[in-house]
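S.K.: Structure, please.
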Amino acid sequence: MPHSFSPKKIHLDQKGLEKVLGSLEAAVMEVMWIKPSQTIRCVRDALAPKKDVAFNTVMTVMNRMVDKGLLKQLTSGGATCYTPTCTRGEFLQKVSHSVFASFLQDTRIFGVAFFHKAIRELDEESRASLRRVLDEI
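M.R.: So this is what the prediction gives:
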């Protein structure tokens, strides 16, 4: 995977990407995955209908996302554009791997029984998807 992002905190009470990203970071990534090469102003304008956020705030967050390995800067003809370092699917795969690997590293705290219970609570389609993945192992 080309990006180096690994979640430091997981917010189980949040929805979607906000479980592992801040709310503005999650919104920025959603905008970036729709159109992968954008200026800060374009991103800010895309966020405007849902979030009233200042240009400088978006700039600060996007530059921090570059530092985290989520975005990269591309300068062309004097304009700076940003692009995601991975697709949405790659991001979700990396985060999922990071979370599960973290849980499995300390089996004294999180035993297999907890995963078993959580799996039993999934719908049949999700369990079937999980079976396919496990069969590949």
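
S.K.: Now do the same contact list for D67.
M.R.: By CB atoms under 8 Å, 6 or more residues apart in numbering, no residues touch D67. C-beta: built from backbone N, CA, C; applies to glycine.

S.K.: Roughly how far does it sit from F5?
M.R.: When CB to CB, to the nearest Å is the yardstick, D67 and F5 sit 10 Å from each other.

S.K.: and what of W33?
M.R.: When CB to CB is applied, the distance between W33 and F5 equals 14 Å.

S.K.: what's the answer for V99, then?
M.R.: For V99, the distance to F5 equals 12 Å [CB to CB].

S.K.: quick one, which of these two is more surrounded?
M.R.: Using other CB atoms under 10 Å, the more surrounded residue of V99 and F5 is F5, with 20 against 15.

S.K.: I'd assumed that one was in a strand, is it?
M.R.: No - the assignment for F5 is coil, going by DSSP: H, G, I helix; E, B strand; the rest coil, so no strand is present there.

S.K.: wouldn't it be in contact with L71 here?
M.R.: No - counting by CB atoms under 8 Å, F5 does not reach L71; the two are 9.9 Å apart.

S.K.: next SSE after the lowest-mean-pLDDT helix or strand in the chain?
M.R.: For the chain, using mean pLDDT, DSSP states H and E, the weakest element among its helices and strands is helix 112-120, scoring a mean of 74. Toward the C-terminus, helix 112-120 is succeeded by helix 124-136 as the next helix or strand (DSSP states H and E).

S.K.: Centre of the chain to that following helix, how far?
M.R.: Chain-centre distance of helix 124-136: 22 Å, with CA atoms, centre = their mean, to the nearest Å.

S.K.: Could you do stretch 71-90 as well?
M.R.: Between the centre of stretch 71-90 and the centre of its chain there are 15 Å (CA atoms, centre = their mean).

S.K.: ditto for stretch 26-39
M.R.: Relative to where its chain is centred, stretch 26-39 has its mean C-alpha point 12 Å off (CA atoms, centre = their mean).
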